[in-house]
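Student: Let me see the structure of the following:
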Amino acid sequence: MGDEQRAESGTPIAAAQQTPARASVEAVFREERGRLLASLVRRFGDLDLAEEVTSEAVEAALLHWPTTGVPARPGAWLLTTARRKAVDRLRRDQAYAARLALLHLEAERADPAPPADADGELPDERLQMFFTCAHPALDADDRVAITLRCLAGLTTPEVARAFLVPPATMAQRIVRAKKKIREARIPFRVPGPDELPERLPGVLQVVYSVFTEGYAASSGPALQRLDLASEAIRLARILRRLLPAEREVAGLLALLLLVHARRAARTDPDGALVLLDEQDRARWDRSMIEEGRDLVVRALRGGPPGPYGVQAAIAALHDEAADLTSTDWPQMVALYDVLLALTPSPVVALGRAVAVAMRDGPLAGLALLDGLAGERQLQAYHPYQAARGDLLHRLGRLPEAAAAYRQALALAGTEPERADLRGKLDAIVPPDPPSDPPAGARR
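Tutor: Okay, the predicted model is just below:
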């Protein structure tokens, strides 16, 4: 059995019957898993070992807490138990212990460990784990996968569902990422002040990638993966607590909250897509919007804006408007101008073109979209063709609109998106009625 399979088979919570004590273990484990792993990796220098002894500590909690009660500091109890189990394992395997000691010594020289907490509280070293999991030496997909596994606490099958791949494939991907961390001697540390501006965007991009897959699934029967979007918000909140002075961290959390606030109105009871202009805005989460708006102010105050802060400001304009037509489109275009200067990309230019169409009319927007026709990044991006279809439809150029909708339909990944595009196409070119059967077939 491989390392990843051993770690996975040692996670008993999901399969265990939910007694009150088991529910307590699950709640503690979900909240503290990232901190627990980070502390153990920092101490022993090996992610596989940390995962295995974490699972063993949870098993011990499931065994003891029903009779002894949940301890006053359950996270610290799990950490102490996991540390003991790690020491026992290293005593049994001296060669393994020697290798880990060397790795740990190298890590200590690069970044000395903070003093131990005298109260036995679980130290919060998740920030180091964020930067380790999002290290640029790892492939982009591997960064997201290992972040979901180690920091969000998803099981390997859950991460596999997020990527729409078999669990065995995902297990191999996670093992590969761990091996890369180990063999490349990727340091378990927070970058210094000189490195942080270069490395932080990679960490934020990992969390944002998790959210975008939850907000608009790349494929499958459902438009949204609310569990995945919620995990991304949880990760962003952790980052915000760990890096309270970083304005782009506030901007990312603001963006996720302001977009996720619309989740309940984005589909109807049958799961069909509801576009922004048709959404019941009374169903938007106002408390989430207010929190997001406060964070936007923090993200944009005190210096030049960052891309996440600007995107959050764009999302706030949508959330503040009573309806689509009363949205502040001139301000929206101005924000897109800033965003395009910060992160020039065809996708940002597409968003700006749609905002221009709302401000200046469909012909102005269509001219901008047609100017993007040669961008390779948009060739397989169905919202581009869908936006062209909408503007062509508004201009009464129905054959061209139908052609654009057909292209978008061929590219759309989820069934709700395809159903929406089929409806638009049928409104322009009604489907042929079924032909009458031959006379002999009517009998």
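Student: ok so residue 153 is a helix residue?
Tutor: No: counting by DSSP: H, G, I helix; E, B strand; the rest coil, residue 153 is not part of a helix but coil.
Student: and the closest residue to it other than its chain neighbours, which of the three is it?
Tutor: The shortest distance from residue 153 to any non-neighbouring residue, by Cβ to Cβ, 6 or more residues apart in numbering, is to residue 33 (4.2 Å). C-beta: built from backbone N, CA, C; applies to glycine. When classified by three-state DSSP, residue 33 comes out as helix.
Student: Would you check how far apart residue 33 and residue 371 are?
Tutor: Per Cβ to Cβ, to the nearest Å, residue 33 is found 48 Å from residue 371.
Student: Please list the residues outside the strand or helix carrying residue 318 that contact it.
Tutor: Using DSSP states H and E, residue 318 sits in helix 307-320. Under the criterion Cβ atoms under 8 Å, 6 or more residues apart in numbering, residues 204, 208, 247-248, 250-252, 254-255, 258-259, 261-262, 276, 284, 289, 292-293, 295-296, 299-300, 305, 327-328, 331-332, 335-336, 338-339, 342-343, 351 lie in contact with helix 307-320.
Student: before we move on, the earlier item: the more surrounded of residue 33 and residue 371?
Tutor: residue 33 (22 against 11; other Cβ atoms under 10 Å).
Student: gap between that one and residue 229?
Tutor: 19 Å.
Student: And residue 67, by the same measure?
Tutor: According to Cβ to Cβ, residue 67 stands 38 Å off from residue 229.
Student: go on, residue 280?
Tutor: 20 Å.
Student: Those two: which is more packed in?
Tutor: A count of neighbours by other Cβ under 10 Å puts residue 229 above the other of residue 280 and residue 229, at 22 against 10.
Student: Checking that one next. Helix, strand or coil?
Tutor: Strictly by three-state DSSP, residue 229 counts as helix.
Student: surely it meets residue 263?
Tutor: Yes: counting by Cβ atoms under 8 Å, residue 229 touches residue 263, with 7.2 Å between them.
Student: Tell me who's in contact with residue 298.
Tutor: 247, 250, 254.
Student: give me that answer again for 7 Å
Tutor: By Cβ atoms under 7 Å, 6 or more residues apart in numbering, the contact list for residue 298 reads 247, 250.
Student: Next one: it relative to residue 127, how far apart?
Tutor: For residue 298, the distance to residue 127 - Cβ to Cβ - is 19 Å.
Student: In the stretch 201-350 of the chain, mark out all the helices, start to finish.
Tutor: Using DSSP state H, counting those that start in this stretch, the helices of the stretch 201-350 of the chain run over 226-242, 247-260, 286-300, 307-320, 329-342, 346-360.
Student: Buried residues in the third one, which are they?
Tutor: When burial is assessed from 16 or more other Cβ atoms under 10 Å, helix 286-300 yields the following buried residues: 288-289, 291-293, 295-296, 298-300.
Student: What of the first one?
Tutor: If you call a residue buried by 16+ other Cβ under 10 Å, then helix 226-242 has these buried ones: 228-236, 238-240, 242.
Student: In space, what's closest to residue 288 - neighbours in sequence excluded?
Tutor: In space, residue 288 is closest to residue 261, 4.0 Å off (Cβ to Cβ, 6+ apart).
Student: For this protein, which helix or strand comes out least confident on mean pLDDT?
Tutor: helix 3-9 (a mean of 45; mean pLDDT, DSSP states H and E).
Student: and the gap between the closest residue in space to residue 229 that isn't next to it in sequence and residue 56?
Tutor: Among residues not flanking residue 229 along the chain, residue 214 sits closest, at 3.1 Å (Cβ to Cβ, 6+ apart). Noted for residue 214: a distance of 31 Å to residue 56, by Cβ to Cβ.
Student: Of these two, which one has the most company?
Tutor: residue 214 (22 against 18).
Student: isn't the more buried one right next to residue 232, touching?
Tutor: Yes: using Cβ atoms under 7 Å, residue 214 is in contact with residue 232, at 6.1 Å.
Student: Excluding chain neighbours, give the residue nearest to the residue most central in space within the chain in space.
Tutor: Residue closest to the average C-alpha location in the chain (Cα atoms, centre = their mean): residue 210, at 1.6 Å. Excluding the flanking residues, the one nearest residue 210 by Cβ to Cβ, 6+ apart is residue 232, at 4.1 Å.
Student: got the end-to-end distance for stretch 314-326?
Tutor: End-to-end span of stretch 314-326 (Cα to Cα, to the nearest Å): 14 Å.
Student: Output the below-cut-off pLDDT ranges for the stretch 251-400 of the chain.
Tutor: Under the criterion pLDDT under 70, no range of the stretch 251-400 of the chain is flagged.
Student: Put the alpha carbons of stretch 255-272 into PDB.
Tutor: What follows is stretch 255-272, C-alpha atoms only, in PDB (Å, rounded to 0.1, in the frame of the first residue of the first chain):
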ATOM      1  CA  LEU A 255     -13.900  39.000  -4.100                       C
ATOM      2  CA  LEU A 256     -14.900  35.500  -3.000                       C
ATOM      3  CA  LEU A 257     -17.500  36.700  -0.500                       C
ATOM      4  CA  LEU A 258     -19.100  39.200  -3.000                       C
ATOM      5  CA  VAL A 259     -19.400  36.600  -5.700                       C
ATOM      6  CA  HIS A 260     -20.500  33.800  -3.400                       C
ATOM      7  CA  ALA A 261     -23.200  36.000  -2.000                       C
ATOM      8  CA  ARG A 262     -25.200  35.400  -5.200                       C
ATOM      9  CA  ARG A 263     -25.000  31.600  -5.000                       C
ATOM     10  CA  ALA A 264     -28.700  31.000  -4.000                       C
ATOM     11  CA  ALA A 265     -30.000  33.100  -7.000                       C
ATOM     12  CA  ARG A 266     -27.800  31.700  -9.700                       C
ATOM     13  CA  THR A 267     -29.900  28.600 -10.300                       C
ATOM     14  CA  ASP A 268     -33.600  27.800 -10.100                       C
ATOM     15  CA  PRO A 269     -35.000  25.000  -8.000                       C
ATOM     16  CA  ASP A 270     -34.300  22.500 -10.800                       C
ATOM     17  CA  GLY A 271     -30.700  23.600 -11.100                       C
ATOM     18  CA  ALA A 272     -31.100  25.600 -14.300                       C
END
